[in-house]
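Participant: here is a sequence together with a model predicted from it:
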Amino acid sequence: MEQPFQLAACAEMLWRDRPIEWRAARLTEMGFGVGLWNWPAHDLQKLEAVGADYTIMNGYLQGRLSDPEGAETLLRSARETVQIGKRLGVSRLNLHGTGLGEGGLPIPHNGAFAPGMVERARDTLHRICDLAEAEGVQFVLENLNPFDHPGCPFGSTSEVLALVSSVDRPELRINLDLYHTQIGEGDLIRWCEACLPWIGEIQVADNPGRFEPGTGEINFAGVARALQRMGYRGPVAMEAFAQGNEEAALAAFRAAFTL
């Protein structure tokens, strides 16, 4: 059996009654990289002391891609977060089309698409890339789905691919979240093929429920074989809740991506 991918898991969604540094340490003991969300909620000194491989963290706290005020806010927030990411050794800093609030709702909640939004978003992402190049870091833009995150601009897999491929700079890649793609578009393997040149990380959870592989409708073993055939060797992260026991959920995830 072969493990062709770098496996990681989101610490925020597992052992939720435990301190975040305990979760990071447990994932490290089990041989997984560690994903985080927003840094202000955590004791950074304790996270540093774990010595984990922190694979991804939200790369901003506020801001938006496609309007001037939102872009300036995003850049300010990203500059601050870059320093935290470098302190922890985070590999990738995650972005969305707009800030997400309570329940994952976009801020502001606006499903309308205005003329010039694509051009403004592309310009903002070039500025993000300039920051990343100067600081020696990498950002990723994550796709979302319209049911959990209604009204989020640039949320679909197709929109994220179009933006990242048009910017086409190594400082910006795609965080291809297959849970969101399954809900929003389906056809996972062909979306993996289309996004392949720009993928920075793949995230997974089964649907429905957002639990570990094997609890829902997605054939993750088939997805894993397809990723191996197309030559993907990058990180795959479980951003999912455990339906029952966390160790069993992580074992199921590891099994699905071991070929």
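Facilitator: Perfect, thanks for sending it. Numbering: from 1, shown residues only.

Participant: which residues touch the residue lying closest to Asp168 once chain neighbours are set aside?
Facilitator: Leaving aside its chain neighbours, Asp168 sits nearest to Trp198 (7.7 Å; criterion: C-beta to C-beta, 6 or more residues apart in numbering). Where C-beta positions appear, they are placed from N, C-alpha and C, glycine not excepted. Trp198 makes contact with 161, 164-165, 168, 173-174 under the criterion C-beta atoms under 8 Å, 6 or more residues apart in numbering.

Participant: write the PyMOL selection for whichever of the residues you listed are buried.
Facilitator: Of these, the buried ones go into a single PyMOL selection, burial set by 16 or more other C-beta atoms under 10 Å:
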select buried, resi 161+164+173+174
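
Participant: and the gap between the residue nearest to Asp168 and Leu75?
Facilitator: 22 Å (C-beta to C-beta, to the nearest Å).

Participant: check Val137 too.
Facilitator: 14 Å.

Participant: compare these two (neighbour count), which wins?
Facilitator: When Val137 is set against Leu75 and neighbours are counted by other C-beta atoms under 10 Å, the residue ahead is Val137, at 20 against 17.

Participant: what's the more buried one in contact with, if anything?
Facilitator: Applying C-beta under 8 Å, 6+ apart to Val137 gives the contacts 82, 85-86, 90, 93, 171.

Participant: and with 6 Å instead?
Facilitator: Val82 (C-beta atoms under 6 Å, 6 or more residues apart in numbering).

Participant: pLDDT score assigned to it?
Facilitator: pLDDT recorded at Val137 is 98.

Participant: can you tell me the SS state at the spatially most central residue of the chain?
Facilitator: The residue lying closest to the centre of the chain (C-alpha atoms, centre = their mean) is Asn175, at 4.6 Å. Using DSSP: H, G, I helix; E, B strand; the rest coil, the structure places Asn175 in strand.

Participant: and it, how far from Asn219?
Facilitator: For Asn175, the distance to Asn219 - C-beta to C-beta - is 21 Å.

Participant: again, but for Gly116
Facilitator: 40 Å.

Participant: looking only at neighbour counts, state which of these two leads.
Facilitator: Between Gly116 and Asn219, Asn219 has the larger neighbour count (other C-beta under 10 Å), namely 14 against 9.

Participant: any idea how far the more buried one is from Pro4?
Facilitator: Going from Asn219 to Pro4 by C-beta to C-beta gives 17 Å.

Participant: what do you get for Trp37?
Facilitator: Relative to Pro4, Trp37 is positioned 27 Å away (C-beta to C-beta).

Participant: please apply the same query to Ser77.
Facilitator: Applying C-beta to C-beta to Ser77 and Pro4 gives a distance of 35 Å.

Participant: ok, Cys10 next?
Facilitator: Taken as C-beta to C-beta, the span from Cys10 to Pro4 is 21 Å.

Participant: Phe220 now?
Facilitator: For Phe220 relative to Pro4 (C-beta to C-beta), the value is 14 Å.

Participant: neighbour count winner among the two?
Facilitator: Set Phe220 next to Pro4 and count neighbours by other C-beta under 10 Å: Phe220 wins out with 23 against 15.
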